[in-house]
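Asker: the following comprises the amino acid sequence and a computationally predicted model.
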Amino acid sequence: MSKELLPGYKIRRGSTLDKALLVKFMQRTYQEAYPQQDFSHLARTVEQYFSNDTPVWWVDFAGEELRREGITSPSSPSSPVACLWVGNAIDQVQGTRHAHIFLLYVVPEHRQRGIGTALMRYVEDWAKARGDHQIGLQVFQSNTAALNLYNQLGYQTQSLWMVKSLDSSRK
């Protein structure tokens, strides 16, 4: 069952049968940031974490009125243009469960149309309805568009994830 997310876009909850599609969206996300990398290992991530307790929502382009205005899409109605995958985390300070966004992705042809903002508001409403008091996520420092979106929506940096390569060939 789908419902309107924005004019011309419908949102629907996915199922655990969507593993292959979720892997594809994850790979597209990471491929944009790291085009030379192989992300086949993401299938294991989806296999390990995707379940009925970690829902995914798909956004389909259903904009007949947008097509009339000359906005077209290479995506077919059966091919989602955005996805949101959410899991659970435990706040290590408070000890409470809260929603954690694993993935928010909008295909490039549909960006700057409010889909990301609408998805974030959608998941905030979903999290409130289940009793969560916060939502967490990780974002690459180099993803300025996502950082701007999250800052505009009131998200704040709570911690920094730091890494150090132990590979002597990298400095």
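Answerer: Perfect, I can see it now.
Asker: could you count how many residues lie near residue 16?
Answerer: Residues contacting residue 16 under the criterion other Cβ atoms under 10 Å number 12. Any C-beta I mention is one placed from the backbone N, CA and C, and that applies to glycine too.
Asker: brain fart, residue 81
Answerer: 24.
Asker: measure it to residue 134 for me?
Answerer: The gap separating residue 81 from residue 134 is 28 Å, by Cβ to Cβ, to the nearest Å.
Asker: how about residue 18?
Answerer: In terms of Cβ to Cβ, residue 18 sits 26 Å off from residue 134.
Asker: and these two? which has more neighbours close in?
Answerer: With neighbours defined as other Cβ under 10 Å, residue 18 and residue 134 compare such that residue 18 has more, 19 against 16.
Asker: who's in contact with the more buried one?
Answerer: Contact analysis of residue 18 by Cβ atoms under 8 Å, 6 or more residues apart in numbering lists 56, 58.
Asker: and it, what's its pLDDT?
Answerer: At residue 18, the model reports a pLDDT of 97.
Asker: begin at 39, not 1, for the rest of this chat.
Answerer: Understood, numbering begins at 39; the last thing we discussed is residue 56.
Asker: would it count as being in a helix?
Answerer: Yes: counting by DSSP: H, G, I helix; E, B strand; the rest coil, residue 56 is found in a helix.
Asker: and the closest residue to residue 67 other than its chain neighbours, what helix or strand is that in?
Answerer: Sequence neighbours aside, residue 143 is the residue nearest to residue 67 in space, at 4.7 Å (criterion: Cβ to Cβ, 6 or more residues apart in numbering). Per DSSP states H and E: residue 143 is located in strand 135-144.
Asker: which residues touch the residue nearest in space to the middle of the chain?
Answerer: Nearest residue to the geometric centre of the chain (Cα atoms, centre = their mean): residue 142, 1.3 Å. Residue 142 is in contact with 120, 121, 122, 123, 154, 157, 158, 175, 184, counting by Cβ under 8 Å, 6+ apart.
Asker: could you redo the residues you listed as TSV and give each row neighbour count?
Answerer: Converted to TSV, those look like this (neighbours: other Cβ atoms under 10 Å):
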residue	neighbour count
120	25
121	24
122	27
123	24
154	22
157	24
158	21
175	17
184	15
